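Student: Got a predicted model here, sequence first, then my questions.
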Amino acid sequence: MEIIQIPVLRDNYIYLLHDSTSGVTAVVDPAEAAPVLEVLKRRGWSLTHILNTHHHADHVGGNRALKQATGCRIYGLSAATEWIPGLDENVGEGDPVQLGNVLGKVFEVPGHTRHHIAFWFPEEQALFCGDTLFGMGCGRLLGGCAEQLWVSLDRLRQLPGDTRVFCTHEYTQNNGRFALTVDPDNIELKDRVRRVDAERANGRATVPLLLRDEWATNPFLRPESQGIRIRLGMLAETNQAVFTELRRRKDVF
Ligand code: ZN
Ligand code: FE
């Protein structure tokens with residue numbers, strides 16, 4: 001499966017997925033239609049699927065125009081309060097998503113919003129997680145709660161270390177600044193922040209992430225860390241409590 005990353009808006013990424021043997025082409029979280037149509041035209045691909053991780057405008061903004069232009073089907077998890085425009089297939093935990101010869105699976109990962117899903121393609125070692133997990137950070141709580149988001153991230157972090165994480169925003173550099181305040185003695189974190197600064201200075205994307213890099217440097221996946229716990233004065237607390245405190249601190253960072 002070929003995966004193309006399209007940077008749009010201020011810091012969003014749209015992903016195009018293409019299976020050449022079947023011709024199936026999917027787009028994940030199309031914030032806008034025009035840049036997607038442009039790539040489709042240039043490549044000679046026709047869009048068959050839209051996969052939405054959640055209902056926010058910077059993830060579904062292109063849904064209607066793309067559906068109108070291509071007749072594609074829209075997959076997502078929708079509810080009255082968190083509605084996905086043009087939805088055809090309401091998918092949830094464990095549901096398969098077949099893209100030609102490539103089989104994906106839906107995880108429900110609430111927290112950023114209450115109805116948030118991720119698409120996992122094991123054969124491709126690719127995870128499309130929307131606004132749950134970011135480089136050295138995680139999504140804000142805009143509908144869901146910290147308890148939900150921790151359960152979701154705890155689950156995602158158990159995927160294989162080689163997993164490529166295709167998140168939807170280029171937030172890595174700013175997240176790194178916060179991570180250093182709660183985990184300042186983490187050598188791998190310091191190295192990564194330096195690397196990311198250089199990449200951004202050259203205008204390069206830091207996404208996709210590699211899950212094992214997040215294990216080592218993302219404080220929101222490391223509530224067990226002694227260093228972080230000492231810093232927070234929370235040595236004996238649960239992972240959930242440490243995570244919640246990290247999320248609170250990031251909100252006011
Ligand atoms: Zn969002
Ligand atoms: Fe977003």
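Tutor: That came through, no problem. Ligands and ions are numbered 1, 2, ... in the order given.
Student: Lys41: neighbouring residues, count only.
Tutor: 10 (other Cβ atoms under 10 Å). Bear in mind the C-beta positions are built from the backbone N, C-alpha and C, glycine included.
Student: same check, this time on Pro85
Tutor: Neighbour tally, Pro85, other Cβ under 10 Å: 16.
Student: Over to Lys67?
Tutor: 20.
Student: Enumerate every residue touching it.
Tutor: 50, 74, 86 (Cβ atoms under 8 Å, 6 or more residues apart in numbering).
Student: What strand or helix carries the last one?
Tutor: This points to Gly86. Assigned by DSSP states H and E, Gly86 belongs to neither a helix nor a strand.
Student: Look up how far ligand 2 lies from it.
Tutor: 18 Å (Cβ to the ion, to the nearest Å).
Student: Next up, the contacts around that residue.
Tutor: Gly86 neighbours (Cβ under 8 Å, 6+ apart): 50, 63-64, 67, 74.
Student: of all the contacts of Lys67, which comes closest to ligand 1?
Tutor: Ile50 (16.0 Å; Cβ to the ion).
Student: can you confirm that closest one is in a helix?
Tutor: No. The assignment for Ile50, made by DSSP: H, G, I helix; E, B strand; the rest coil, is strand rather than a helix.
Student: interface residues of the stretch 1-150 of the chain facing ligand 1?
Tutor: The stretch 1-150 of the chain comes close to ligand 1 at residues 56, 131, as judged by Cβ under 5 Å from the ion.
Student: Show me the helices in the stretch 1-150 of the chain, by range?
Tutor: Assigned by DSSP state H, counting those that start in this stretch, the helices in the stretch 1-150 of the chain fall at 34-43, 57-60, 63-70, 146-156.
Student: so which of those comes closest to Lys105?
Tutor: helix 146-156 (12.5 Å; Cβ to Cβ).
Student: mean confidence score for the closest one?
Tutor: What helix 146-156 shows for mean pLDDT is 98.
Student: In contact with the nearest residue to Ser20 once chain neighbours are set aside: list those residues for me.
Tutor: Nearest residue to Ser20 in three dimensions, chain neighbours excluded: Glu2, at 6.8 Å (Cβ to Cβ, 6 or more residues apart in numbering). Residues near Glu2 by Cβ under 8 Å, 6+ apart: 17-20.
Student: Among the residues you listed, which one lies nearest to Thr238?
Tutor: Proximity to Thr238 was ranked across the contacts of Glu2 by Cβ to Cβ; first place goes to Leu17, at 37.5 Å.
Student: mind checking how far the nearest residue to the closest one once chain neighbours are set aside is from Gly100?
Tutor: Leaving aside its sequence neighbours, Leu17 sits nearest to Ala26 (Cβ to Cβ, 6+ apart; 4.4 Å). The gap separating Ala26 from Gly100 is 9 Å, by Cβ to Cβ, to the nearest Å.
Student: Which one's more surrounded, the two?
Tutor: More crowded of Ala26 and Gly100, by other Cβ under 10 Å: Ala26, with 26 against 18.
Student: isn't that one right up against His49?
Tutor: Yes. Ala26 is within contact range of His49, at 3.8 Å (criterion: Cβ atoms under 8 Å).
Student: Need the overlap of contacts for those two.
Tutor: In contact with both Ala26 and His49: Leu99, using Cβ under 8 Å, 6+ apart.
Student: Which of the contacts of Gly86 ranks first by neighbour count?
Tutor: That'd be Ile50 among the contacts of Gly86, by other Cβ under 10 Å, with 26 neighbours.
Student: and that one, what does it touch?
Tutor: Counting by Cβ under 8 Å, 6+ apart, the residues that Ile50 touches are 26-27, 30, 63, 66-67, 72-76, 86.
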